[in-house]
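Trainee: Just a sequence and a predicted model for now, questions to come.
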Amino acid sequence: MDLSYTPEEEDFRARLREWLAKALPGLPPKPKPEDWPGRRAYDLGWQRMLYDAGYADVHWDASPTVRLIFLEETEKAGAPYVGANFVGLLHAGPTIAAEGSEEQRARWLAPILRGDEVWCQGFSEPGAGSDLAALRTRAWRDGDDYVVSGSKIWTSHAEVADWCELLVRTDPQAPKHRGITWLAMPMNAPGVTVRPLRTLAGSAEFAEVFLDEVRVPVANRVGAENDGWRVTMVTLSFERGTAFVGEVVACRRVLGDLARVAYRNGTWDDPVLRRRLGRLNAEFRALWRLTQWNVSEAEGKGVPGVGGSVFKLRYSHARQELYDAAAEVLGPDALDLDRPWALDRLSSLSYTIAAGTSQIQRNIVAERILGLPKGR
Amino acid sequence: MRFQLTEDQRSLRDGMRGLLARRFDGEALRAAVGTPGALDRGLWRELGAAGFFALRLPEADGGVGLGLPEAVLVFEEAGRALLTGPLVATHLAAADVPGAAAGEAVVARVDGGLVEWLAEADTVTGDASGAVALRSVDPLTPLHRVPAAASDPASDPVAVLLTAAEQLGTATRACELAVQHARTREQFGQPIGAFQAVKHLCAEMLVRAETARAAVYAAAVTADTVDIAAARLLADEAAVRGARDCLQVYGGMGFTWEAEVHLHLKRAWVRAQRGGGNTESEELLAVELLK
Ligand SMILES: Cc1cc2nc3c(=O)[nH]c(=O)nc-3n(C[C@H](O)[C@H](O)[C@H](O)COP(=O)(O)OP(=O)(O)OC[C@H]3O[C@@H](n4cnc5c(N)ncnc54)[C@H](O)[C@@H]3O)c2cc1C
């Protein structure tokens, strides 16, 4: 058990810090949440800066430990989040890298790394959420194209995306996991309609995507026809690796800020509240150690282990508790959306739903780690 | 960074598990319950011979020369097996009390107004005068109540950490027991583990245990007081709630004297009292946020 970093890793950290200190002041002002073109440009611009400095592919080619350091340091320095680059860097890109042909890798990977193109993820459908494999968006062959009809929902960043990693049903007769295909769909293709959905936080972070006889070239298929489920699983295991490193660092900072606010406004004198904050300190320290544990495990095995589900379950609830505690510290101010943390409290509510609900994660832990039988 | 067990640490843990499986199996456990207050001195010496108490003493002093991470691993195993006796107190006294390192002496320790295993002890750390025996909730841990005294040893972070390691062992064991039972016990024509309500109890037990594991192991590496306080909070929670949920999964059998589940819960309660209880750790962690 060793928590120290190698000289090479420390060197990477030092150079990164140095670069961040120089680069971050050059960032343009942060766009308003409702300014979508502005947000797209900002997120892509940041990725371009990373690219020019040689950090663009840290999510793909670096060791898990270096990735951990990268995410820790960028968060500590207050650098922008992956934002609109999320699906490209963490879902579609890794999938194409693992399963795509030479040509496909050449076509799609470089623009993701350079910050030229935005991807979104068209998996969920109105009738297929937790039961993703029940998806019904149909695709059939017509010459060199697939013709796609159906609808997707909860598609984050759909409004500003160039590409969509799309799951479609190519064989309705086959068992549900076996008739699915993975396609890269250009979002500007005729027949694609994006209708933004307002979240409970008031902004339009995701959208419905309607597909009406959209033609997608067969050349845009990654993996074999009807093998899309397996291809997708490669992506999903990526998501549960180091996805939350930056957020844990951020939560620990918020917790410190929160304690100082409590100290100033007098709520600190309430021992119940104080101990609640103490407990959250223990919680996020433990989550940081669990991250290091999982990263070390991935370092040994080359792939993220099942520990990712354990982490996601614990973390998503801890994050909600953090902002609930913040609301207790703030009292009436917690109801004012212009105050810090009020919006964070709202967005924390999505953590137990997005990327596999807590109930689904518990099923995964119970069945895949503990070996309990599947229910009938 | 390689935050995983090394080969050596793995074999140390397996060795300890093997020793306890041979010397403190289910039968020995039941025998111990049948003879409350009696400590198996033969086993105590065997633990001494295996280096359990001298683990962290320098080799030059006849110790094993290992560190806190290794100590945490063997204490986790002790917790898992419900091993009896003042393990933490004797381990801590290895350098100072003659015979403690070798398992020749049994050392008790005043902690939080309580002393475990006072009647069996050859030496007591702290002031145990005026100690009164109480009817211990845990049949495997005799307890004395002592009046608070100025000379009481302050809560020792190492004692807190080793206790957290024992709690981690309990949390892990409770989860294993629950899962074994859930796979074999059938109701409504299927294993109860196929019911989601049961499945999710088990999943949460694992989540709590694994989160506590990361915290306990990391605290053993850093030996930092704040890390130790965090580890104990997580480990107490994982042990106490894990044992309770295990009891629930066992149904009526869980409420019996015969099934070992209650022993895990009761021991977890006893350990949670050590080191000033949870509030002391919570306060420590709260204050650290302001630094
Ligand atoms: C902020 C946000 C962003 C998202 N972004 C995207 C995106 O970019 N692309 C995309 O494809 N999707 C996205 N999603 C969709 C997300 O993956 C789904 O919401 C999620 O998988 C749950 O599906 P559902 O909403 O249909 O809920 P349902 O599956 O209908 O679940 C409803 C409730 O039933 C429970 N439930 C369902 N099945 C079971 C079961 N077997 N056992 C126990 N309980 C069960 C669930 O836990 C939940 O509590 C996003 C979601 C959110 C909230």
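Mentor: Arrived safely.
Trainee: And the residue of the stretch 51-200 of chain A that's closest to the ligand?
Mentor: Closest contact between the stretch 51-200 of chain A and the ligand, by CB to the nearest ligand atom, is at residue A:129 (1.7 Å). C-beta: built from backbone N, CA, C; applies to glycine.
Trainee: list the contacts for that residue?
Mentor: Residue A:129 sits next to residue A:154 when contact means CB atoms under 8 Å, 6 or more residues apart in numbering or on different chains.
Trainee: and it, backbone torsions?
Mentor: phi -110, psi -90 (degrees, to the nearest 10).
Trainee: Quick check, pLDDT for it.
Mentor: pLDDT, residue A:129: 96.
Trainee: Stretch B:257-264 spans what distance, first to last residue?
Mentor: 12 Å (CA to CA, to the nearest Å).
Trainee: Just the buried positions in it, please.
Mentor: By 16 or more other CB atoms under 10 Å in any protein chain shown, the buried positions in stretch B:257-264 come out as B:259-264.
Trainee: Keep only those of these that are also close to chain A.
Mentor: When these are checked against chain A using CB under 8 Å from any CB of the partner chain, none falls in range.
Trainee: Now tabulate those residues in JSON lines and tack on pLDDT.
Mentor: Converted to JSON lines, these look like this (pLDDT from 0 to 100):
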{"residue": "B:259", "pLDDT": "94"}
{"residue": "B:260", "pLDDT": "95"}
{"residue": "B:261", "pLDDT": "97"}
{"residue": "B:262", "pLDDT": "98"}
{"residue": "B:263", "pLDDT": "98"}
{"residue": "B:264", "pLDDT": "98"}
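Trainee: Just those residues: which are in helices?
Mentor: Applying DSSP state H to the buried residues of stretch B:257-264, the entries found in helices are B:261-264.
Trainee: Who are the contact partners of residue A:134?
Mentor: Shown in contact with residue A:134 (CB under 8 Å, 6+ apart): A:127-128, A:176.
Trainee: re earlier: just flag the most distant two among the buried residues of stretch B:257-264.
Mentor: Farthest-apart pair in those is B:259 and B:264; separation 10.0 Å (CB to CB).
Trainee: Could you tell me which residues of chain A lie near the ligand?
Mentor: For chain A, the residues in contact with the ligand (CB under 6 Å from any ligand atom) are A:120-124, A:129-130, A:154-156, A:206, A:350, A:353-357, A:359-360, A:363.
Trainee: For the stretch 101-250 of chain B, which residues are neighbours of chain A?
Mentor: B:175, B:179, B:182-183, B:190-191, B:193-196, B:198-200, B:202-204, B:206-207, B:210-215, B:217-218, B:220-222, B:226-227, B:229-231, B:233-234.
Trainee: Regarding residue A:300, what is its secondary structure?
Mentor: helix (DSSP: H, G, I helix; E, B strand; the rest coil).
Trainee: my guess is it meets residue B:3, correct?
Mentor: No - counting by CB atoms under 8 Å, residue A:300 does not reach residue B:3; the two are 10.4 Å apart.
Trainee: Looking at those two, which has the bigger crowd around it?
Mentor: residue B:3 (23 against 12; other CB atoms under 10 Å in any protein chain shown).
Trainee: For that one, list the residues it contacts.
Mentor: Shown in contact with residue B:3 (CB under 8 Å, 6+ apart): A:1-3, A:289, A:292-293, A:295-296, B:217-218, B:221.
Trainee: which of those are buried?
Mentor: A:1, A:289, A:292-293, A:295-296, B:217-218, B:221.
Trainee: Tell me which two of those sit farthest apart.
Mentor: A:295 and B:221 (14.9 Å).
Trainee: Name the residue closest to the centre of the chain, please.
Mentor: Went with chain A since none was named. For chain A, the residue sitting closest to the mean C-alpha position, by CA atoms, centre = their mean, is residue A:86 at 5.7 Å.
Trainee: wrong chain, I was asking about chain B
Mentor: Short answer for chain B (CA atoms, centre = their mean): residue B:166, at 2.3 Å.
Trainee: I'd like the next helix or strand past the helix or strand harbouring that residue.
Mentor: Using DSSP states H and E, residue B:166 sits within helix B:157-184. Per DSSP H and E, the first helix or strand lying C-terminal to helix B:157-184 is strand B:186-187.
Trainee: which residues touch that next one?
Mentor: residue B:192.
Trainee: Please repeat the previous calculation with a cut-off of 10 Å.
Mentor: B:192-195, B:198, B:251 (CB atoms under 10 Å, 6 or more residues apart in numbering or on different chains).
Trainee: so how far is it from its chain's centroid?
Mentor: 33 Å (CA atoms, centre = their mean, to the nearest Å).
Trainee: In its sheet, which strands sit next to it, and in what direction?
Mentor: Here strand B:186-187 has these sheet partners by DSSP bridges: strand B:190-191 (antiparallel).
Trainee: How far does the partner strand sit from its chain's centre?
Mentor: 33 Å.
Trainee: chain center to whichever helix or strand comes after that strand: distance?
Mentor: Following strand B:190-191 in sequence order, the next helix or strand is helix B:196-222 (DSSP H and E). Put simply, helix B:196-222 sits 15 Å off its chain's centre (CA atoms, centre = their mean).
Trainee: In the helix or strand that helix B:196-222 is followed by, which residues are buried?
Mentor: Remark: after helix B:196-222, the chain's next helix or strand is helix B:225-250, criterion DSSP H and E. Neighbour counts over helix B:225-250 (16+ other CB under 10 Å) mark B:226-247, B:249-250 as buried.
Trainee: same check, this time on stretch B:40-57
Mentor: Quick answer for stretch B:40-57 (16+ other CB under 10 Å): B:40, B:43-44, B:46-48, B:50-57.
Trainee: now do stretch B:278-291
Mentor: B:278, B:280-289.
Trainee: Not counting sequence-adjacent ones, nearest residue to the closest residue to the ligand within the stretch 201-350 of chain A?
Mentor: The stretch 201-350 of chain A approaches the ligand most closely through residue A:350 (3.8 Å), counting by CB to the nearest ligand atom. Leaving aside its sequence neighbours, residue A:350 sits nearest to residue A:199 (CB to CB, 6 or more residues apart in numbering or on different chains; 7.6 Å).
Trainee: Could you confirm the one you found falls within a strand?
Mentor: No - using three-state DSSP, the assignment for residue A:199 is coil, not a strand.
Trainee: Can you report how many residues lie near it?
Mentor: Applying other CB under 10 Å, we find 15 residues neighbouring residue A:199.
Trainee: Settle this for me: it is touching residue A:206, isn't it.
Mentor: Yes - counting by CB atoms under 10 Å, residue A:199 does reach residue A:206; the two are 6.9 Å apart.
Trainee: Can you check which residues contact both of these two?
Mentor: Joint contacts of residue A:199 and residue A:206 (CB under 10 Å, 6+ apart) are A:154, A:350.
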